[in-house]
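> Model the following, please.
(2 chains)
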Amino acid sequence: MPLEVIEVNGIATVQDLGRSGWRKFGVPASGAMDAFALRAANLLAGNAPNTPAIEVGMGCIAFRALRDCVIAAAGAGFGLSVYIWDFPLWSSCYVRAGWTIRLEKLDSGMWAYLAVSGGVQTPPVLGSASTYLRGPFGGFNGRRLEAGDVLRFGTSSRPFEALAARTLPESARPAYSDHPTLEVILGPQETHFTDESIESFLSSEYTVSSASDRMGYRLEGAALTCCGKPELLSEGMTMGAVQVPADGQPIVMMADSPTTGGYPKIATVISADLPLLAQCVPGRSKLRFQKTTMAKAQKKYREKMSGLEMVVEE
Amino acid sequence: MKPRLAPLGDSAVLIRLGEEIEEGVNRRVHALAALIEAAALKGVVETVPAYASLLVHYDPLALSYSQLAALLREKMAQAEETAFRKPRRIEVPVRYGGEAGVDLEEAARLLHLQVEEVIRLHSEKPYMVYMMGFTPGFPYMGKLNEALVLPRLATPRTRVPAGTVAIAGWQTGIYPLASPGGWRLIGWTPLTLFDPRAADPFLFAPGDEVQFVVESYAAGSH
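Residues are numbered from 1 along each chain as shown, chains lettered A, B, ... in the order given. Down below sits the predicted model:
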């Protein structure tokens, strides 16, 4: 069931939920920046949550369906059109052979996911279809999609008629915003910072810098002062970890984060709020941090994830 | 020091075993990693050993922080009594100097040593792979002989070729992929450190011992 890329001017890559088991060798997890949206798009298209799909960021992309298929798009910052109609994100729709599928960039939001029933088929590298551009490996030959690429798909789990026209209600979707408040768990090196720095980290507004990418979102705002050693022995890191280099401007690690790092980490964004962070627009979005507890964070994440079960027939 | 647990967000736990680059501490890190991986605890995704810490990634939908912390404390107690396994030793042929080892002569000058002496000291004893990171397959190894300790380059290079052997501070490493780098380049190995499509993609694993073997020495091209 192939799809042909006919136009792309943003960053489009194949992603799933990322690589695991190889971080001890220095291989980043990669995977979707907004894992919730990837899962939702897959469920709407009748796929397992970890099925490879297309992640689009920054610009537009257009495909031609070379066979009938069911697609679903989810995420933020994109408008979807199929053939001559506009379709909402977070819904599935039946696409006829020959029709064009277009994701057009809108103002807010950064990443959209296009899932197709049966899933994108690319050879797994180190157990995952996720593209790691710096490798370069995974996904479509380790690179961004380009016009002329033809993507193959697996076999749909169910008849197309049973999969089309389903939606995830708005109440179950992340509350994306241009100025989100992200909950964090402080540490593990919060004691390396002055009390004033912790205070300003939790009370001031940060702008997402335009020098941000899939590896990390750089923030601009109140500088944070380290009172201990400015560098630690390198240790493991994860997506959402807020590192503070010597200049005091925090960097939040994202999907392509290096596996280890040596700057003190003041806090980590909770899993439930990572989609809100991922969809921040570099150079535009402003965000704040708010402290939470482990128990509340893990409860919130379980609740968000159970929202994925609310897929309904339209 | 007594190992300490600290959360890194809601899906990873950092176990700190020391504060310094020290072989004994690092061996305990690898022993603990092996124990946790062998236990195949439900919800534990993977572990990432570093110099003096171990990061445990987990799925918070499968188990809570407090449940995982209790399981890890059991393993930490067991690890105290676990005998260290003899590490795997890997020989790495090195062509010192030349175009790939472009900083060798400068390093010798800064260290007030003959180039031959730098090569001898670098290859005289096996190093431990303390951890891997930076890029896929990059081994952080040490400790270097005190006589070889130099700071990193003030300005990192934008591109260091794959296979380049380098030193920085107490450490030595090999660039598995062409990448930017701020370490001092002293040689090159023909071995492939990382092939993502191979059945066994990595030449080294954390905890291995690496013995450099002098294959040749070429004077610099400048």
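> show me where chain B has helices.
Assigned by DSSP state H, the helices in chain B fall at B:23-39, B:65-81, B:104-111, B:115-123.
> show me the contacts for the closest residue to residue B:124 other than its chain neighbours.
Spatial nearest neighbour of residue B:124, excluding adjacent residues (C-beta to C-beta, 6 or more residues apart in numbering or on different chains): residue B:145 at 7.4 Å. Bear in mind the C-beta positions are built from the backbone N, C-alpha and C, glycine included. Going by C-beta atoms under 8 Å, 6 or more residues apart in numbering or on different chains, residue B:145 touches B:121, B:122, B:124, B:125.
> Now tabulate the helices of chain B in TSV and tack on distance to residue B:166 and mean neighbour count.
Formatted as TSV, those follow (distance: least, C-beta to C-beta, whole Å; neighbours: other C-beta atoms under 10 Å in any protein chain shown):
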stretch	distance to residue B:166	mean neighbour count
helix B:23-39	20	19
helix B:65-81	32	16
helix B:104-111	10	17
helix B:115-123	11	18
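> Which one, of those helices, ends up nearest to chain A?
helix B:65-81 (4.8 Å; C-beta to the nearest C-beta).
> I'd like the average pLDDT over that closest one.
The average pLDDT for helix B:65-81 rounds to 91.
> do it and chain A meet at all?
Yes - using C-beta under 8 Å from any C-beta of the partner chain, helix B:65-81 reaches chain A at B:65, B:66.
> residues in the stretch 151-300 of chain A within reach of chain B, list them.
A:184-185, A:187-188, A:233-238, A:240-241, A:258-260, A:265, A:268-271, A:294-295, A:297-298.
> same deal with the stretch 1-150 of chain A?
Residues of the stretch 1-150 of chain A found near chain B (C-beta under 8 Å from any C-beta) are A:20-28, A:125-126, A:134-135, A:137-138.
> quick one: secondary structure of residue A:298?
Under DSSP: H, G, I helix; E, B strand; the rest coil, residue A:298 falls in the helix class.
> That one and residue B:9 touch, don't they?
No - Residue A:298 lies out of contact with residue B:9 (C-beta atoms under 8 Å); the separation is 10.3 Å.
> who has more neighbours, those two?
Counted by other C-beta atoms under 10 Å in any protein chain shown, residue A:298 and residue B:9 do not tie: residue B:9 has more neighbours, with 27 against 22.
> tell me the contacts of that one?
A:184, A:185, A:238, A:240, A:241, A:268, A:269, A:270, A:271, A:297.
> before we move on, back to that, just the residues of the stretch 1-150 of chain A next to chain B now: which is nearest residue A:5?
Nearest to residue A:5 among those, counting by C-beta to C-beta, is residue A:138 at 17.4 Å.
> The closest residue to residue A:180 other than its chain neighbours: neighbour count?
Using C-beta to C-beta, 6+ apart and skipping the chain neighbours, the partner closest in space to residue A:180 is residue A:276 (4.3 Å). Residue A:276: 22 surrounding residues under other C-beta under 10 Å.
> How about chain B: which residue is closest to chain A?
residue B:55 (2.6 Å).
> residues touching the nearest residue to that residue once chain neighbours are set aside, list them.
Of all residues beyond its chain neighbours, the one nearest residue B:55 is residue A:236 (2.6 Å), with distances taken as C-beta to C-beta, 6+ apart. For residue A:236, the contact set (C-beta under 8 Å, 6+ apart) comprises A:23, A:259, A:260, B:8, B:12, B:14, B:48, B:50, B:53, B:54, B:55, B:57.
> Quick one: residues contacting the residue of chain B most remote from its centre.
Going by C-alpha atoms, centre = their mean, the residue of chain B most distant from its centre is residue B:61, 31.7 Å out. Shown in contact with residue B:61 (C-beta under 8 Å, 6+ apart): A:301, A:302, A:305, B:43.
> Test my guess that the residue of chain B closest to chain A contacts residue B:6.
No - contact criterion C-beta under 8 Å: residue B:55 and residue B:6 do not qualify, at 10.2 Å.
> Now do the contacts for the spatially most central residue of chain B.
Most central in chain B under C-alpha atoms, centre = their mean is residue B:140, positioned 2.5 Å from the mean C-alpha point. When contacts are counted by C-beta under 8 Å, 6+ apart, residue B:140 touches A:234, B:51, B:129, B:130, B:131, B:132, B:133, B:134, B:171, B:173.
> Quick check: of these, which has the highest neighbour count?
Neighbour-wise, the contacts of residue B:140 (other C-beta under 10 Å) top out at residue B:132, 33 neighbours.
> Can you tell me who that one pairs with across the strands?
residue B:139 (DSSP bridges).
> In terms of pLDDT, where does it sit?
On pLDDT, residue B:132 comes in at 97.
> Give me the below-cutoff pLDDT ranges for the stretch 151-300 of chain A.
A:229-231 (pLDDT under 70).
> Repeat that for chain B.
Across chain B, the ranges flagged by pLDDT under 70 are B:83, B:220-222.
> now the strands for it?
B:4-7, B:12-16, B:44-49, B:53-58, B:89-97, B:127-132, B:139-142, B:157-160, B:164-168, B:171-174, B:179-181, B:184-188, B:209-218 (DSSP state E).
> same for the shortest one, what does it pack against?
For strand B:179-181, the packing partners by 3 or more C-beta pairs under 8 Å, 6 or more residues apart in numbering or on different chains; DSSP states H and E come out as strand B:157-160.
> contacting residues for residue 179?
Since no chain was named, I'll use chain A. A:205, A:285, A:286, A:287, A:288.
> that answer is for a different chain, and I need it for chain B
Contacts of residue B:179 (C-beta under 8 Å, 6+ apart): B:134, B:135, B:159, B:160.
> one more time with 6 Å, if that's ok
Neighbour list for residue B:179: residue B:135 [criterion: C-beta atoms under 6 Å, 6 or more residues apart in numbering or on different chains].
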